[in-house]
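J.: Would you be able to build a 3D model of this:
(chains A, B, C and D, ligands or ions: 4)
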Amino acid sequence: MIMTEALPTFGLASAELVANAPTMRTEALSKSYGPITVLSDVALEILPGEIHAVIGENGAGKSTLMRLLSGYTAPSAGYLEMSGQRVQFDTSVAAEAAGVVLVHQEILLAPDLTVAENLFLGREVSRGFMVDDREMNHRAAKVLASIGAHCHPRDRVDDLPLAQRQLVQIARALLEPRKVVIFDEPTAVLANDEVAALLAVVRGLRDQGVAVLYISHRLDEVEALADRITVLRDGRMIGTWPAKGLTQRDMAELMVGRKLDMLYPAKRHASSAEPLLKVENLVVDHGAVEGSFAVQPGEVLGIGGMIGSGRTELCEGLIGLRPSQGRALINGKVMSHRSVAAWQAAGLVYLTEDRKGKGLLLDEPLASNLTLQALDTVHGRVTLDRRKETTALDKAVLDYDIRVRSVHLDAGQLSGGNQQKLLLAKVMLTDPAVVIIDEPTRGIDIGNKSQIYEFIDKLVRSGKACIVISSELSELVGLSDRVLVMRGGRIVAELTGDQITEQNVVYAATSGEAHAARGTHP
Amino acid sequence: MTAAIAPSSAGPRRIRLADTGPFIALALVVLIGVLINSSFLSGTNIANVVTRSAFVAIIAVGATFVISSGGLDLSVGSMMAFVTGIMIMTMNRLEPSMGSNAIFAGAGIGLVVGALCGLLNGLIVTVGKIEPFIVTLGTMGIFRALITWMSDGGSIPIDRALRDPYRPVYFGNVLGIPVPVFLTLIVVLIGAFILYRTKYGRRCMAAGSNSDVARFSGVSVAKVRTMAFVIQGLCVAIAAICYIPRLGAATPTTGQLWELQVITAVVIGGTALRGGKARIWGTVAGALILEVIANLMVLSNLVSEYLVAAVQGVIIILAMLAHRFIK
Amino acid sequence: MTAAIAPSSAGPRRIRLADTGPFIALALVVLIGVLINSSFLSGTNIANVVTRSAFVAIIAVGATFVISSGGLDLSVGSMMAFVTGIMIMTMNRLEPSMGSNAIFAGAGIGLVVGALCGLLNGLIVTVGKIEPFIVTLGTMGIFRALITWMSDGGSIPIDRALRDPYRPVYFGNVLGIPVPVFLTLIVVLIGAFILYRTKYGRRCMAAGSNSDVARFSGVSVAKVRTMAFVIQGLCVAIAAICYIPRLGAATPTTGQLWELQVITAVVIGGTALRGGKARIWGTVAGALILEVIANLMVLSNLVSEYLVAAVQGVIIILAMLAHRFIK
Amino acid sequence: QDKKVIAVSIPAATHGWTGGVVYHAEQAEKEIEAAFPNIDVIVKTSPSAEAQVSALEDLSASQKLDALVILPFTSEELTGPVAQVKANGTFITVVDRGLADPSIQDLYVAGDNIAVGANTAKWLAEKLGNEGKIVVLRGIPTVIDDERIQGFTDVIKGTKIEILDIQYANWNKDEAFTLMQDYLAKYPQIDAVWANDDDMLLGVLEAVKQSGRTEIKYALGGNGMKDVVKMVMDKDPMTPISTPYPPSMIKSAIYMAAAQFVGQAPMRGNFKLDAPLITPENADQFYFPDSPF
Ligand SMILES: Nc1ncnc2c1ncn2[C@@H]1O[C@H](COP(=O)(O)OP(=O)(O)OP(=O)(O)O)[C@@H](O)[C@H]1O
Ligand SMILES: Nc1ncnc2c1ncn2[C@@H]1O[C@H](COP(=O)(O)OP(=O)(O)OP(=O)(O)O)[C@@H](O)[C@H]1O
Ligand SMILES: [Mg+2]
Ligand SMILES: [Mg+2]
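T.: Ligands and ions are numbered 1, 2, ... in the order given. Predicted coordinates:
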């Protein structure tokens, strides 16, 4: 049962009555992993009926804090209070019983189970001995619909694209009435309209008196949504402010602790050179997705569209990771055999959107992750050269600003954003001429975002090319010299120059018929 | 969930093509059988083969639980021998006082002992946190040694007086179906019910699919896995109950290498060894496939007796390949 | 990566406590050995035990590759018998013309055949996309049948004339070290080098750890896995080379159940069965543990001969438990 | 006074007959140690040839062996290792299967597997009037099995009896039952069955009984298992004979080896155990109800 139905109207009234008593409070909360202190002395107050945003740079400790609040990890010092009572959550289940639920930054679902089975795992509805699948599927379908997810309760999670999985996670949190709902970067892999639907859901929760904690690196979202904002920096709490007085720029500066300029790099002039990469009549997954396109040297080509429009599939098909047919040329040469390795040798690499499932080996150290795709670069005469590997890691840590307290950690122990940077570093180590980046700044903080934009800019200005798939419209618009918009597995529009606006992208992505008037598709 | 289970009323159930694999493979080997020897399809032969496959099928139902919950049990063959030994000894001891009722008492004891053996495996795996492979390899040695010791290396025959009353449990019929086949059906139906229709089944799958997720959802992975081993033990005991009347004795060779057959049946049936997926009807098909292939080896005249195992291996691999390409 | 491999110059290497497990377990069983029988520590006994463990250790090095890359090979024992058979037949055939050089020719053929057997396993697994468990269970039957057929169910003894020149390969010494131990060391060092120092090793780990990540990183998972099976085949052939002079014949029972010992050694050594982790020195410790336990069973007189397997099982489980609790 | 050590190395109890061997060896150990305090008998079982070689190494590394009684897994493979034990001055008694180099064995108590097969075949041929159709079940591919089958088929070749089929059932009752069911399904007419071991015979009989087929005149085994000897005593029409291959031969061998340490003259040479037919007339000589086999 989701909130809207579960709580009668007096929920609102009572929320207002106790508006000043925090739903949850932390006292001197700290967390260390061995000698590494990740969080210290956090005193956070969350009020009922508020959306409380927590922002901070990558690795600031946001996710760690949320895990402490929701029973996934135990604090090293300090404690929690709920409604004035000191509480201790030994497990996430205990926290959920007390009404606190966390939507993880990373996907945490059982891949072999269906959507509904995942939603109800551990709290199955049963009739007598039997689980009541009909009821569960029914309720699952309702929650899914309420957050705008298009997957079916009977779909196996493993078969779903990343964004749908994220929505399933969110649905799981909203299945029952809650006192505190924590969203850890729920929108990082969602496209615009899904984001809009989610924001509506979040506001709905607030209006019912639920305390919402919301983490996002998309400051526009934070600005639009938050009632109060808490800033974390290097594991310390800088303070809590009412959202009203804060602009996005203020937020960014509080996070980073210095002045920031948040501009996108200037657009580049389209060159008339031969295309670096040319894709003709690519047909992926037996026709589910098709497309033809080309990228010039010195160009950032954006690909926009809604979730499930087939952007990821198109690129995975191109690179040989999905069954596909069609012709592709790089530097004028036809690729006869399309495999990741062959493409890499020819100068094209693809960076996946699914860093946890397809990008990084979470149980392996940073160095072996970094060099996995470009082992040649750290190869000595006979063996892998550990020294070169260390040097490469040091350089990547500097270049990509990977915040890591020890280079001996496993990749899975990095914060989400830092994992993303590591993944970027890993792919760039292959020194590609063309790079396809699927969601380049997924979970990356505002300070580093501009760094990554500059990085892409520098790359293409040196005569290379970059294809950016992004669900963040401002990023797509700000970064790209040309934008392709996909809908239903087809490229439905090509936008250039002044045509590249958020409205046009959204328009093409949702009602492609009219695109011809606006974009000129080759 | 397989398509073979009673379809739910809630919306269309999707039948995955992949799940039909084991049945296609079964059809293929049966077809080969028909081509090779006309007596393959004779009533007696089919009845023999199906009845024989009951043991492996029943044990494999338990193995489906263990494997799908993320475990593995190599000890089933030895456990079977051990449980058989205990049951026969109990029956023989009770026969003077209880007459044929000793059979029921013995069967009851067998179920308890089977469950305890499974519990032992389960606890060492979950509480001791040791790879199931190692644990059950260890207990495989232990059970095998115990039956050897109990029988002094010889055999533990069942009392003559019990043979006749007990005989129908293997050789008899219920509604025209051989008793072991009937029992298998019941076990499979209960197994399918538990796996696909109860909370426990769900949690089994979750524990095997991603144990972290299961834990965070409040599923006690250790309990679920231990329980799967107990179910395995019960299945072994049930197989033992209908095994005894067949040859009337437990020996140190009883159930030897059955663990491999059982695991093969489960895997051929479509259950993944890494856990998280259970195809209980596929498991039954797998057990039948193995038994049919063995039967074919004897019925055909093409193969030197030395090469039987080779041809058997080739057929299993070919059947798997075939169903992959048909897909 | 284990700490035992030459430390890299780049920064401090962390020794994970967990990785010392197998060595602690080994120390424990050795300690038990000393307590049970004073002659356990005698030079000859230790030399015997260590030399004998060479076969399993060498094969287990190959298994470490297969398992860590996400595969499993149940066929090693039969493959060993088959390769041994082929080698002896080759040597016997060539002896009249080549004299003792036939040994080298035979060994060469053995390596080629071993690699081909591994290639066969690997290709069926990767190209046919069938669970390695099923494939290698199939080829296990195939190899076993082939050796039975080659030997007509009897045995294939090596030519008398070759016995003496070949003898030192098992019974001789190099620099005071028994030849099989020396060979094992070389195989392990090469194995460790490949696993920890080469591109292939990295890719192996990646393929076993998360095959999607590996694929997305341009690793050909199929090639890597196939190669691991080929390495396994080569290791089997090397083990066969130093096995022949010890027993002088191949029979249908040669190498029977070695697959279980090999996998046990690998798992005890700390390599996870689900792949992605390889502890090659741990594997060696695992092989030694198994051999020491078997040796203890012979040296001690405490246990009824029927119960040897039980005690062996108990000790393995206890050793695993002990190192878990010491941690 | 130093104890004399007699080591006994035998296969592990993996099926009925080897189980009997272990039983008799342990009996001999108990009796001899009780009777002669200056003798220490050590019985060690091994599950494979490889393990048996290891056991020999272990036994001789940890103590001086005055005598070794060995029932080798295979002749070829154990010859070298036993020769090495002998090199330390150990008295070698070999049981059942001779070594490839007979000069190593001081005392050889030989079973005659060829005779087991041949005698059964002769009897059967005579009873069937030199014609008919039979099926055969083999054991585990080892020397014993090979020799029995060889002895049997050599005799049958001289008759008009047709061997319809011959397959392995691994000396396993279950597998024999299954195999016999399949033989019955495959061949409409079978005059006799030979399972080269009594364990398998029991499975065969059960399958025949289930099938209700009446044309099968004889189902024979071999090895002298007590249950089968009992059937012979009771004049079972289908199994009127068996062939002894008594696992107790290991006990005799241990006694013979012990003899030389208790003052008697050392025994050397070959003692071949015959494989006479067990018939209802002489069956009580072969019936040991207390033996597990
Ligand atoms: N198990 C662990 N062992 C050691 N360090 C850890 C572990 N888990 C997290 N950390 C460290 O804790 C720090 C905070 O991580 P956290 O995930 O809370 O950051 P975050 O604020 O959520 O960042 P992001 O915005 O990138 O998600 C990071 O430096 C991370 O490396
Ligand atoms: N493994 C899969 N099995 C079945 N359908 C899939 C699978 N992966 C993707 N799809 C379907 O293919 C279509 C395209 O998905 P894709 O992930 O390529 O979209 P996208 O535009 O990249 O969206 P996003 O940016 O959210 O990933 C969707 O309809 C999706 O449901
Ligand atoms: Mg985070
Ligand atoms: Mg995508």
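J.: nearest spatial neighbour of whichever residue of the stretch 401-522 of chain A sits closest to chain B, skipping sequence neighbours?
T.: The stretch 401-522 of chain A approaches chain B most closely through A:Gly412 (11.3 Å), counting by CB to the nearest CB. Every residue, glycine included, has its C-beta placed from N, CA and C. Among residues not flanking A:Gly412 along the chain, A:Leu362 sits closest, at 3.2 Å (CB to CB, 6 or more residues apart in numbering or on different chains).
J.: Correct me if wrong, but the one you found is in a helix.
T.: No: A:Leu362 is assigned coil when assessed by DSSP: H, G, I helix; E, B strand; the rest coil, not a helix.
J.: Relative to ligand 2, how far out is the residue of chain A found nearest chain D?
T.: Nearest residue of chain A to chain D (CB to the nearest CB) works out as A:Asp112 at 35.8 Å. Distance from A:Asp112 to ligand 2, counting by CB to the nearest ligand atom, to the nearest Å: 14 Å.
J.: didn't the residue nearest to A:Gly412 look like it was pressed against A:Leu414?
T.: No: the criterion here is CB atoms under 8 Å, and A:Leu362 misses it with A:Leu414 at 9.3 Å.
J.: quick one: which of these two has more around it?
T.: Between A:Leu362 and A:Leu414, A:Leu414 has the larger neighbour count (other CB atoms under 10 Å in any protein chain shown), namely 23 against 19.
J.: Next, find the distance separating B:Arg93 from ligand 1.
T.: 58 Å.
J.: before we move on, what SS does the closest residue to that residue other than its chain neighbours have?
T.: Once flanking residues are discounted, B:Arg93 sits nearest to B:Ala102: 7.9 Å by CB to CB, 6+ apart. Put simply, B:Ala102 is helix when judged by three-state DSSP.
J.: give me the number of residues near B:Ala102?
T.: Other residues within reach of B:Ala102 by the criterion other CB under 10 Å amount to 23.
J.: now the one 5 residues further on
T.: As a burial measure, the neighbour count of B:Ala107 was computed by other CB under 10 Å and equals 21.
J.: do A:Asn448 as well
T.: With other CB under 10 Å as criterion, A:Asn448 counts 24.
J.: swap in the one 10 residues further on?
T.: Neighbourhood size, A:Lys458 [other CB under 10 Å]: 11.
J.: Wait, a helix at it?
T.: Yes: with three-state DSSP as the criterion, A:Lys458 is part of a helix.
J.: element containing the residue of the stretch 151-293 of chain D found nearest ligand 3, please.
T.: Nearest residue of the stretch 151-293 of chain D to ligand 3, counting by CB to the ion: D:Asp174, 59.0 Å away. Secondary structure assignment for D:Asp174, by DSSP states H and E: helix D:173-186.
J.: And D:Ala125, by the same measure?
T.: helix D:113-128.
J.: For the residue nearest to A:Gly412, give me its contacts.
T.: By CB atoms under 8 Å, 6 or more residues apart in numbering or on different chains, the contact set of A:Leu362 is A:356, A:410-412, C:210.
J.: Need phi/psi at it.
T.: phi -70, psi -30 (degrees, to the nearest 10).
J.: where's it relative to D:Tyr255, distance?
T.: Separation of A:Leu362 from D:Tyr255 (CB to CB, to the nearest Å): 67 Å.
J.: returning to what we had before: from the contacts of A:Leu362, list just the buried residues.
T.: The neighbour count (16 or more other CB atoms under 10 Å in any protein chain shown) marks A:356, A:411, C:210 as buried among the contacts of A:Leu362.
J.: residue closest to the middle of chain D?
T.: D:Tyr245 (4.8 Å; CA atoms, centre = their mean).
J.: Next one: it from D:Thr239, what distance?
T.: 16 Å.
J.: For stretch D:245-257, which outside residues touch it?
T.: Against stretch D:245-257 from outside (CB under 8 Å, 6+ apart): D:6, D:8, D:10, D:17-21, D:23-25, D:27-29, D:32, D:41, D:67, D:69, D:71, D:91, D:93, D:95-96, D:107, D:109, D:111, D:113, D:116, D:222-224, D:267, D:271, D:273, D:275, D:286, D:288, D:291, D:293.
J.: For those residues, which ChimeraX command selects only the ones that are buried?
T.: Selecting only the buried entries of those in ChimeraX, with 16+ other CB under 10 Å as the criterion:
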select /D:6,8,10,17,18,19,20,21,23,24,25,27,28,29,32,41,67,69,71,91,93,95,96,107,109,111,113,116,222,223,224,273,275,286,288,291,293
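J.: Which ones among the contacts of stretch D:245-257 map onto helices?
T.: Residues of the contacts of stretch D:245-257 located in helices (DSSP state H): D:17-21, D:23-25, D:27-29, D:32, D:113, D:116.
J.: export the residues you listed to JSON lines and tack on pLDDT and distance to B:Met80?
T.: Shown next, in JSON lines, are these (pLDDT from 0 to 100; distance: CB to CB, whole Å):
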{"residue": "D:Trp17", "pLDDT": "79", "distance to B:Met80": "22"}
{"residue": "D:Thr18", "pLDDT": "82", "distance to B:Met80": "20"}
{"residue": "D:Gly19", "pLDDT": "81", "distance to B:Met80": "18"}
{"residue": "D:Gly20", "pLDDT": "83", "distance to B:Met80": "23"}
{"residue": "D:Val21", "pLDDT": "87", "distance to B:Met80": "25"}
{"residue": "D:Tyr23", "pLDDT": "85", "distance to B:Met80": "23"}
{"residue": "D:His24", "pLDDT": "87", "distance to B:Met80": "28"}
{"residue": "D:Ala25", "pLDDT": "89", "distance to B:Met80": "28"}
{"residue": "D:Gln27", "pLDDT": "87", "distance to B:Met80": "29"}
{"residue": "D:Ala28", "pLDDT": "90", "distance to B:Met80": "32"}
{"residue": "D:Glu29", "pLDDT": "90", "distance to B:Met80": "31"}
{"residue": "D:Ile32", "pLDDT": "89", "distance to B:Met80": "37"}
{"residue": "D:Asn113", "pLDDT": "83", "distance to B:Met80": "31"}
{"residue": "D:Val116", "pLDDT": "85", "distance to B:Met80": "31"}
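J.: ok and the residue in the stretch 351-500 of chain A nearest ligand 4?
T.: For the stretch 351-500 of chain A, CB to the ion, closest residue to ligand 4: A:Glu353, 4.9 Å.
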